[in-house]
Every structure is written in structure tokens, then in C-alpha cells.
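# I would like to see how this sequence folds:
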Amino acid sequence: MDLPPIGLGTMGIEDPDVIATALEVGYRHLDTAQIYGNEAVVGEGIARSDVPRDELTIATKVWADSLAPNDVIDSTDASRERLGVETIDLLYVHRPIETYDPEATLRTFDSLRERGWIEHVGLSNFTREELETARSILVAPIAAHQVEFHPLFRSPGLLEHARRYEYPVVAYSPLAGGRVRDLEPVVAVAEKHETTPEAVALAWVLTHDGVHAIPKASSRDHLEANLEAARIDLESVDIDAIDAIERREELFPE
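I've put the predicted structure just below:
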């Protein structure tokens, strides 16, 4: 998929005007999920915007309790209605747990593409072994893999797999839940570039080839600042300093 460097993560956003503002300032990739409970909010925000539909990538995720075939079909149909779209651009398996069955679930995702309900199949929070199993089953190529990715947590093996098979990685929680502002190496690089730790963290994520970030933001100022982070040019010494952070904190373990 041809995704922009920065998209909008919408978990916790309950005001359609935030979505409309994000589109106004330049966001074109919106990421939500059934379990967030705000697909209708995202849909209403899209409806309030005059950005052409064909310029948007709208992504959502089927939660772990709805991955049996009939539930995939019913919940995806409900997602389409809440989002106000005929076709969901990118539909993810949110986590391969609970009702997930590789054969049954993934073949149903393929069938949704055949129906025209979705354009692309995405996976989220998969291990490398689970990705290989999915590749062996899906007719559709893996369009994206969404994973937690920030200065305190990343999985080089997953990134290598994505590069090998030429699909993008979508980094959620790229600001580590705000923890980046307390990381000395990140703060030092921010001071050097006269910007914020959050902007540096996003710029660092984007130095990884094939990785796209979906930070959450609600105010216009933060929405614009996150987009601007894509223009920060980190030097190799900056990248090395952040790479050297030894703490490993996964915010959303299974």
C-alpha cells in the first residue's frame, strides 16, 4: 500500500470535528477499530469534510471476539455502515487470539475482497510465525502489518519480514504513550533540533524504511505538529543515540 508517512490513530477520539480537522490540515490515513467504539465518530468526521473519498485510506480492525467467519462478515458490514463507506480500504485482523482460526478467518477476509467490501487485508500484532502462516493461506497479499513501534519497543525481526515481502509496517503508539518526553536521548536530540521530543520520536520511527506512524492527536496544534515531524532530518548520530536506548517497554502486550 502507498501510505503517507503520518496517519491519524483515532483510539479515544470521540469528537467528529477532530477527524474533520485532521483531514483539513492534511491527514489522509485514518485508523480506527471496532473495539475503539468510535467508527461512527470517524465516519461522521469524514462526512463533514470535503476531502474526496478516493484520497483517503480508511482502516479499521476486526476484534478478537469476531474472527469466526460469520462474525467477520457481520461485524465488517456493521463497520462499513458506521464508517459510511461502501468499501473499507484496509481491514485488519486486530489480534490473532480468541476466535481467530487462520484458515477460517483469513479465507473470510479474502471473500470480503471478492465482495468488494474491503480493498486490502491487513494484520496486526502478529508474530513472524503467524505472518508466515497467514501468507500461506491468504490469496490477497499482506497489505500492512500494524505493530507497536517506538523508541522503547520495536521488533527488528518483524521489520525484516516486512521488507522481505514488501509490505509496510504501521507503527502504533509511536510516542510510547507520552514516555518519549522523559527519555534523555530523545530530549537531547529535540533540543539540538529545536523541536519537541514527540516530533523527534516520530522522525526516528520514520527513519526505518517502510515504516509509517499513526500517532493520536486531538488539537489542531498537535495534529499539525505531528505532520511536520515527517520533515525533520535526523543525523546518523541522532538515530544512533535513540537506537541505543536499552529500556524495553511494551505498552500493549497480548
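
# all strands of this structure, in order?
Along the chain, the stretches classed as strands by DSSP state E are 8-9, 29-31, 57-62, 88-93, 118-124, 142-148, 169-172, 211-213.

# for those strands, which one sits closest to Val187?
Of all the strands of the chain, strand 211-213 sits nearest to Val187, with 19.1 Å by C-beta to C-beta. For the C-beta atoms, the positions are set from N, CA and C on the backbone; glycine is no exception.

# can you give me the offset of the closest one from its chain's centre?
The chain centroid and the centroid of strand 211-213 are separated by 8 Å, computed with C-alpha atoms, centre = their mean, to the nearest Å.

# Equivalent analysis for stretch 25-32, please.
With C-alpha atoms, centre = their mean, you get 10 Å for stretch 25-32.

# related to what we said a few turns ago, output the strands of the chain in TSV; the columns should cover distance to Asp243 and mean pLDDT.
Listed next are the strands of the chain as TSV, based on distance: least, C-beta to C-beta, whole Å; pLDDT from 0 to 100:
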stretch	distance to Asp243	mean pLDDT
strand 8-9	23	98
strand 29-31	26	98
strand 57-62	28	98
strand 88-93	28	98
strand 118-124	24	98
strand 142-148	17	98
strand 169-172	15	98
strand 211-213	14	98
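
# Pipe these into CSV and attach distance to Asp110 and mean neighbour count per row.
Listed next are the strands of the chain as CSV, based on distance: least, C-beta to C-beta, whole Å; neighbours: other C-beta atoms under 10 Å:
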stretch, distance to Asp110, mean neighbour count
strand 8-9, 26, 26
strand 29-31, 22, 25
strand 57-62, 14, 26
strand 88-93, 11, 24
strand 118-124, 7, 23
strand 142-148, 12, 22
strand 169-172, 20, 25
strand 211-213, 24, 25
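
# The ones you listed into TSV, with extra columns for distance to Leu112?
Formatted as TSV, the strands of the chain follow (distance: least, C-beta to C-beta, whole Å):
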stretch	distance to Leu112
strand 8-9	23
strand 29-31	18
strand 57-62	10
strand 88-93	7
strand 118-124	5
strand 142-148	13
strand 169-172	19
strand 211-213	23
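
# my guess is Arg181 contacts Glu191, does it?
No: between Arg181 and Glu191 there is no contact under C-beta atoms under 8 Å: 12.0 Å.

# The two: which is more packed in?
Using other C-beta atoms under 10 Å as the criterion, Arg181 and Glu191 rank with Arg181 on top: 15 against 12.

# What residues does the more buried one make contact with?
187, 196-198 (C-beta atoms under 8 Å, 6 or more residues apart in numbering).

# I'd like to know which of the residues you listed is nearest to Trp63.
Closest approach between the contacts of Arg181 and Trp63, by C-beta to C-beta: Glu198, at 28.3 Å.

# My guess is that closest one contacts Ile232. True?
No: using C-beta under 8 Å, Glu198 is not in contact with Ile232, being 11.0 Å away.

# Neighbour count for the two, which is higher?
Neighbour tally, Glu198 and Ile232, criterion other C-beta under 10 Å: the higher count belongs to Glu198, 22 against 18.

# give the contact list for the residue lying closest to that one once chain neighbours are set aside.
Excluding the flanking residues, the one nearest Glu198 by C-beta to C-beta, 6 or more residues apart in numbering is Leu175, at 5.3 Å. By C-beta under 8 Å, 6+ apart, the residues touching Leu175 are 150, 198, 201-202, 215.

# switch the cut-off to 7 Å
The contact partners of Leu175, by C-beta atoms under 7 Å, 6 or more residues apart in numbering, come to 150, 198, 201, 215.

# Tell me the pLDDT of the first one.
According to the prediction, His150 has pLDDT 97.

# cool, the last one as well?
According to the per-residue confidence, Pro215 scores 98 in pLDDT.

# What is the neighbour count of it?
Using other C-beta under 10 Å, Pro215 is surrounded by 24 other residues.

# can you tell me how far it sits from Gly9?
6 Å (C-beta to C-beta, to the nearest Å).

# cool, and the second one?
Distance of Glu198 to Gly9, given as C-beta to C-beta: 13 Å.
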